[in-house]
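Chemist: Pasted the sequence and its predicted model underneath.
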Amino acid sequence: MMSEQPAVELIDIWKRFPGVVANAGAHLRVMAGTVHAVLGENGAGKSTLMNVLSGVYRPDAGEVRLAGSSYRFRNPSDALDAGICMVHQEFRLVPSFTVAENVVLGASDSFLRRHEIESKVDALGRRFGLAMDSDRPVWQLSMGERQRVEILKALWRDAQILILDEPTAVLTPGEAEELGEVLRHMAEDGRSVIFISHKLHEVTGFCDQATVLRAGATVAASLSVKKTDAATLAGLMVGTTAVTAGRPPSRDPGEVRLGLSSLSAIGDRGLPAVRNIDLEVRSGEIVGIAGVAGNGQRELAEVIAGLRSASEGSVRLGGDDITNASPKKRFLKGLGYIPEDRLGVGLAPPMSVIENAVLRTYTEHRWGPFLIQAKVIAHCNGLIDRFAVRVGKLDAPVAELSGGNLQRLLVGRELSGRPDVVLAAQPTRGLDVQGVNAIQDLLLAERDAGTAVLLISEDLDELLAVADRLLVLHSGKIAGEFDPATVKRHTIGEAMVGHVDAELPR
């Protein structure tokens with residue numbers, strides 16, 4: 001139930017970093033008992049503002065108020081003590097710990113036996129529709145499952161002010177709707193939820209109010225979502241009326257570029273993760289793979305990329321059998337790979353922007369054992385210009401880039417080699433409206449240039465927008481094949497959970 005007292009007030013917040021003003025007098029007012037959306041493009045200052053609220057950053061100027069009282073947090077622990085918990089977009093988990101251990105880490109003030117912890121975490125997961133095996137180590141989980149662990153961490157701490165940074169980026173539409181219901185229940189219980197998202201249909205679906213940031217400043221505060229449409233919100237975010245152009249259909253696809261035959265693979269727990277998959281992707285088409293997180297998507301991508309061995313079957317690239325080839329040989333034979341974990345797998349965080357830009361093609365820019373700086377810089381600048389990557393210094397660690405620019409750099413690096421096949425896993429996760437459109441346009445341009453694209457995504461809207469054929473993966477098997485232009489969303493949803501016998505690919 002909504003209270004008259006604002007739960008959170010951020011007043012005239014300024015935060016500067018060397019060469020960058022992240023927040024320029026930003027304001028935010030969140031009422032108790034509501035779900036409040038914070039919107040803006042990548043780089044608009046949303047995450048910085050939330051990091052100020054959660055105690056990660058101290059503001060250079062401005063005031064933080066909770067329930068009318070002024071606070072100045074020294075660190076995140078102070079914010080946690082005040083009832084604020086933030087679920088970050090980049091996961092903050094200990095890979096070698098189990099789900100239960102990560103959930104309770106730093107939050108239990110008394111000794112608990114392992115079985116007690118696991119039992120309580122299991123019960124919490126069931127209560128909020130986030131059930132999972134609490135004894136599994138986090139390194140074995142998919143990205144979607146790891147996001148659930150982050151949400152469970154916040155729920156375990158009984159946060160009264162919960163900040164969610166792109167929480168549905170790794171969820172299926174059905175899971176996102178379930179999360180929306182969870183957030184509504186939390187608001188009805190008197191909690192305040194701050195919801196950062198680029199999916200405007202989710203904002204209009206279960207948020208009460210919205211605040212829009214642009215260039216670090218608040219351009220619209222506490223708008224009533226019921227009285228504002230998605231087009232208006234999108235226009236406020238980008239400063240213009242945002243119109244998404246219709247997607248051109250694919251021409252008739254050409255020869256088979258990627259072929260999987262009876263492909264199977266074992267997962268991290270020693271159990272079958274990919275089961276007897278037959279699949280062909282032809283030049284000039286985008287084949288989409290949908291599915292609930294944890295149904296073999298990650299393992300399938302790793303087998304194709306050469307990061308996981310196939311237990312049975314074969315992988316062919318063009319006319320060559322690459323089942324046992326190294327990742328480097330696959331790249332040289334024409335495979336471009338955009339992994340779902342951009343910082344853990346796709347890029348090397350401590351290395352510079354330049355070094356990451358040439359990781360795949362460094363042999364083309366060297367003389368003997370030495371890199372030719374002029375060629376390296378020219379290549380990097382060309383990539384930055386072509387793919388609109390916003391960077392400061394080229395020799396700065398790549399980890400300093402925003403999520404959207406990290407993804408643009410990664411996608412640009414993989415596409416700059418003119419691959420015959422592009423394997424893209426969650427390529428637009430966490431990006432803003434314009435960033436999503438930009439990456440999707442790049443994939444469509446690759447398709448139109450004759451590239452074969454295999455797109456693995458948990459964003460059903462994305463798959464329906466760009467895929468020419470849509471397959472559903474369930475329990476490591478292909479559960480159905482659909483035409484994105486004619487299929488009903490609920491039919492895909494049923495296939496995702498194994499409730500229908502859909503038409504299988506021939």
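Modeler: Ah, there it is. Numbering: from 1, shown residues only.
Chemist: Roughly how far does the closest residue in space to Asp459 that isn't next to it in sequence sit from Ser457?
Modeler: Spatial nearest neighbour of Asp459, chain neighbours left out: Thr428 (6.9 Å); criterion: Cβ to Cβ, 6 or more residues apart in numbering. (C-beta placed from N, C-alpha, C; glycine too.) Relative to Ser457, Thr428 is positioned 8 Å away (criterion: Cβ to Cβ, to the nearest Å).
Chemist: what do you get for Met50?
Modeler: On the measure of Cβ to Cβ, Met50 and Ser457 end up 25 Å apart.
Chemist: ok, now Ile266?
Modeler: Distance, Ile266 to Ser457, using Cβ to Cβ: 24 Å.
Chemist: do the same with Tyr362
Modeler: For Tyr362, the distance to Ser457 - Cβ to Cβ - is 30 Å.
Chemist: who's more crowded, those two?
Modeler: Legend: neighbour count by other Cβ atoms under 10 Å for Tyr362 and Ser457, higher for Ser457 (23 against 13).
Chemist: Let me see the contact set for that one.
Modeler: By Cβ atoms under 8 Å, 6 or more residues apart in numbering, the contact set of Ser457 is Gly288, Ile289, Ala290, Ala424, Ala425, Gln426, Pro427, Thr428, Leu463.
Chemist: now it: how far from Leu260?
Modeler: Distance from Ser457 to Leu260, by Cβ to Cβ: 18 Å.
Chemist: got it, and Val436?
Modeler: Going from Val436 to Leu260 by Cβ to Cβ gives 28 Å.
Chemist: Only alpha carbons, please: show stretch 401-414 as PDB.
Modeler: Provided in PDB are the C-alpha atoms of stretch 401-414 (Å, rounded to 0.1, in the frame of the first residue of the first chain):
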ATOM      1  CA  LEU A 401      33.700   1.100 -20.300                       C
ATOM      2  CA  SER A 402      29.900   1.100 -19.800                       C
ATOM      3  CA  GLY A 403      28.100  -2.200 -20.500                       C
ATOM      4  CA  GLY A 404      26.700  -0.900 -23.800                       C
ATOM      5  CA  ASN A 405      30.200   0.100 -25.000                       C
ATOM      6  CA  LEU A 406      31.700  -3.100 -23.900                       C
ATOM      7  CA  GLN A 407      29.200  -5.000 -26.000                       C
ATOM      8  CA  ARG A 408      29.700  -2.700 -29.000                       C
ATOM      9  CA  LEU A 409      33.400  -3.300 -28.800                       C
ATOM     10  CA  LEU A 410      33.000  -7.100 -28.500                       C
ATOM     11  CA  VAL A 411      30.500  -7.300 -31.300                       C
ATOM     12  CA  GLY A 412      32.600  -5.000 -33.500                       C
ATOM     13  CA  ARG A 413      35.700  -7.100 -32.900                       C
ATOM     14  CA  GLU A 414      33.900 -10.300 -33.900                       C
END
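Chemist: quick one on the thing from earlier: is the residue nearest to Asp459 in contact with Leu442, as I believe?
Modeler: No - assessed by Cβ atoms under 8 Å, Thr428 is found out of contact with Leu442, at 10.3 Å.
Chemist: And these two? Which one has more around it.
Modeler: Each of Thr428 and Leu442 has its neighbours counted (other Cβ under 10 Å); Thr428 has more, 25 against 20.
Chemist: What helices and strands are in contact with the helix or strand containing Asn102?
Modeler: Following DSSP states H and E, one finds Asn102 within helix 99-104. Judged by 3 or more Cβ pairs under 8 Å, 6 or more residues apart in numbering; DSSP states H and E, helix 99-104 is in contact with helix 114-127, helix 143-156.
Chemist: How about residues contacting the last one?
Modeler: Read that as helix 143-156. 85-88, 91-93, 99, 102-105, 107, 121, 124-125, 128, 130, 132, 138, 141, 162, 164, 167, 169-171, 175, 179, 292-294, 298, 340-341, 426, 429, 458.
Chemist: got the angle between it and helix 114-127?
Modeler: Using axes from the mean of the first three to the mean of the last three Cα atoms, to 10 degrees, the inter-axis angle of helix 143-156 relative to helix 114-127 is 100 degrees.
Chemist: Now find how far off-centre the next helix or strand after helix 143-156 is within its chain.
Modeler: Downstream of helix 143-156, the first helix or strand assigned by DSSP H and E is strand 161-165. Between the centre of strand 161-165 and the centre of its chain there are 16 Å (Cα atoms, centre = their mean, to the nearest Å).
Chemist: got the CA coordinates for strand 161-165 in PDB?
Modeler: Coordinates of the C-alpha atoms in strand 161-165 are reproduced here as PDB (Å, rounded to 0.1, in the frame of the first residue of the first chain):
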ATOM      1  CA  ILE A 161      14.400  -0.700  -0.700                       C
ATOM      2  CA  LEU A 162      15.400  -3.000  -3.500                       C
ATOM      3  CA  ILE A 163      17.300  -1.700  -6.500                       C
ATOM      4  CA  LEU A 164      17.200  -4.000  -9.600                       C
ATOM      5  CA  ASP A 165      19.500  -3.200 -12.400                       C
END
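Chemist: Next SSE downstream of that strand?
Modeler: In N-to-C order, the element after strand 161-165 by DSSP H and E is helix 173-188.
Chemist: elements contacting that next one?
Modeler: strand 35-39, strand 192-196, helix 200-206, helix 489-496.
Chemist: how about a markdown table for these, with mean pLDDT and distance to Ser69 added?
Modeler: Below are the helices and strands packed on helix 173-188 laid out as a markdown table (pLDDT from 0 to 100; distance: least, Cβ to Cβ, whole Å):
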| stretch | mean pLDDT | distance to Ser69 |
| --- | --- | --- |
| strand 35-39 | 93 | 19 |
| strand 192-196 | 93 | 15 |
| helix 200-206 | 83 | 29 |
| helix 489-496 | 76 | 45 |
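Chemist: Would you format the ones you listed as TSV with mean neighbour count included?
Modeler: Shown next, in TSV, are the helices and strands packed on helix 173-188 (neighbours: other Cβ atoms under 10 Å):
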stretch	mean neighbour count
strand 35-39	25
strand 192-196	25
helix 200-206	18
helix 489-496	19
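Chemist: So for Arg72, which of those sits nearest?
Modeler: For the helices and strands packed on helix 173-188, proximity to Arg72 was assessed by Cβ to Cβ; strand 192-196 is nearest, at 19.2 Å.
Chemist: quick one: the closest one to chain centroid distance?
Modeler: Mean-position distance between strand 192-196 and its chain equals 17 Å (Cα atoms, centre = their mean).
Chemist: Direction included, what does that strand pair up with?
Modeler: Strand 192-196 has its sheet partners listed here by DSSP bridges as strand 35-39 (parallel), strand 161-165 (parallel).
Chemist: quick one, it and helix 173-188 angle?
Modeler: Taking the same axes, to 10 degrees, strand 192-196 and helix 173-188 form an angle of 150 degrees between their directions.
Chemist: Name the nearest residue to Ser47, sequence neighbours excluded.
Modeler: Asp165 (6.3 Å).
Chemist: Run through the residues that contact the closest residue to Lys199 other than its chain neighbours.
Modeler: In this structure, Lys199 finds its nearest non-sequential neighbour in Thr168, 6.4 Å apart by Cβ to Cβ, 6+ apart. Residues counted as contacts of Thr168 (Cβ under 8 Å, 6+ apart) are Glu175, Ala176, Leu179, Ser197, Lys199, Glu202.
Chemist: Could you pull up the contacting residues of the second one?
Modeler: Contacts for Ala176 (Cβ under 8 Å, 6+ apart) come out as Thr168, Lys199, Glu202.
Chemist: What about the second one, how many residues nearby?
Modeler: Pointing back at Lys199 there. Residues lying near Lys199 (other Cβ under 10 Å) number 18.
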